[in-house]
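In: Requesting a structural model of the entry that follows:
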Amino acid sequence: MAWYPDAVRLELQPESRDQPTINPTQFILHSVVAPWDEHRIYAYWRDSTNLESTWGLDFDGSLGQYLSTTTRADANYSANRRADGSGAVSVETASNGEATDPWTDPQLDELADLAVWLHRTHAIPLRVCRSWTDPGIGYHRLYREWSSSGTDCPGPARIRQFTSELMPEIQRRAGLPPTTPPPTTTVVSLTHILAAQHRDPGLPQGGTTYKAEGLVVENALYKENLLAKAWIDGSLGTKTKTAVSEWQERLGYRGRQPGEAADGYFGRDSLTRLGKKYGFAVTP
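Out: Numbers count the residues shown, from 1 in each chain. Next up is the predicted model:
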């Protein structure tokens, strides 16, 4: 059991007493999609939902801790339901009502210090998680298994900061050489895109699974003259699948049978090459 010394202790009950223990191996960052301080986040967890995070962080860098680092916090879905008992600690960070704003400098400062403390206290590696079970640091949208229904959390601006500012600063404070890629304009998850390609065609017209990332991909296909502008809506439906198939064929891919078109579902190579051409990076 560990409590971060720079956080005010706002212990949730009965969760602190009744929820299972975990071995923390991951640190997951969220946006609360509200301009709440650590006390308001605590009240929300206590009074309005059966979910909770380990910490809540205000714009000014003030931090509250609601559960010990070895108590399961349920804001991370499957990240805290692994058979080996490993799990994730998490922080909800104050944001505007659309989660479109970047983290403030005090928020970034506190997140970096907290990550280094977790590394020294629980040996959480100071690297981006390479899969949904891999020890390290991530943000909520990074893996679908960390969310029950898909999410854009913590928002595109903060995801850019995570890569370009936060991870390098965490590693600097810990005395480690930086291991994150150079800053990029946008990050797209291959796992999210494939999930959307399989799910979106069955949704009502315009229904989306990962709208923000879908828009990035569709805009790239439009610029490649493979998708009409009218179909840029973030929903990866049949029109987008046809465009992807044509993109794959430009790269030399074909179907399994002679004369068969490429299947139209992105693989790592086809998505990465589209991103390199149109300015977005691809994560697993």
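
In: Is the residue sitting nearest the centre point of the chain in a helix, a strand, or coil?
Out: The chain has residue 141 as the residue nearest its centroid, 2.5 Å off, counting by C-alpha atoms, centre = their mean. Under DSSP: H, G, I helix; E, B strand; the rest coil, the three-state class of residue 141 is helix.

In: Next, the contact list for residue 232, please.
Out: Taking C-beta atoms under 8 Å, 6 or more residues apart in numbering, we find residue 232 in contact with 215, 218-219, 222. All C-beta atoms are positioned from the backbone trio N, CA, C, and that covers glycine.

In: How much space separates it from residue 85?
Out: Remark: distance between residue 232 and residue 85 (C-beta to C-beta, to the nearest Å) = 44 Å.

In: What of residue 195?
Out: Taken as C-beta to C-beta, the span from residue 195 to residue 85 is 27 Å.

In: Settle it for me: which of those two has more neighbours?
Out: residue 195 (17 against 12; other C-beta atoms under 10 Å).

In: Show me where the stretch 1-150 of the chain has its strands.
Out: 8-9, 23-31, 55-57, 63-65, 86-93, 136-139 (DSSP state E, counting those that start in this stretch).

In: Pick the most buried one from the ones you listed.
Out: With neighbours taken as mean count of other C-beta atoms under 10 Å, the strands of the stretch 1-150 of the chain reach their highest mean count in strand 55-57, at a mean of 29.

In: Pairing partners for that one, with directions?
Out: Note on strand 55-57: by DSSP bridges, its sheet partners are strand 63-65 (antiparallel), strand 86-93 (parallel).

In: Pull the residues that contact that strand.
Out: Strand 55-57 is contacted from outside by 4, 7, 32, 36-38, 41-42, 63-66, 89-94, 107, 110-111, 114, using C-beta under 8 Å, 6+ apart.

In: and that strand, average pLDDT?
Out: Throughout strand 55-57, pLDDT has a mean value of 97.

In: for stretch 81-92, same thing?
Out: Rounded mean pLDDT across stretch 81-92 is 91.

In: For it, which outside residues touch it?
Out: Taking C-beta under 8 Å, 6+ apart as the rule, stretch 81-92 contacts 21-32, 41, 53-57, 63, 69, 72-73, 75-76, 79-80, 111, 114, 118, 133, 135, 146.

In: So for residue 36, what's the nearest residue that isn't a sequence neighbour?
Out: In this structure, residue 36 finds its nearest non-sequential neighbour in residue 94, 5.5 Å apart by C-beta to C-beta, 6 or more residues apart in numbering.

In: and that neighbour, what is it in contact with?
Out: For residue 94, the contacting residues are 31-32, 34-37, 41, 56-59, 107, by C-beta under 8 Å, 6+ apart.

In: What distance do you get for it to residue 58?
Out: 5 Å.

In: What backbone torsions are found at residue 10?
Out: Main-chain dihedrals, residue 10, degrees, to the nearest 10: phi -130, psi 80.

In: okay, now it: neighbour count?
Out: 18.

In: isn't there a strand covering residue 282?
Out: Yes: under three-state DSSP, residue 282 falls within a strand.

In: quick revisit: which PyMOL command selects the buried ones in the contacts of residue 94?
Out: The buried residues among these can be selected in PyMOL (16 or more other C-beta atoms under 10 Å) with this line:
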select buried, resi 31+32+36+37+41+56+57+58+59+107
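
In: Which of the contacts of residue 94 fall in helices?
Out: 41, 107 (DSSP state H).

In: Any chance of a markdown table for the contacts of residue 94, columns distance to residue 169?
Out: Formatted as a markdown table, the contacts of residue 94 follow (distance: C-beta to C-beta, whole Å):
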| residue | distance to residue 169 |
| --- | --- |
| 31 | 19 |
| 32 | 22 |
| 34 | 25 |
| 35 | 24 |
| 36 | 24 |
| 37 | 23 |
| 41 | 24 |
| 56 | 21 |
| 57 | 15 |
| 58 | 19 |
| 59 | 18 |
| 107 | 12 |
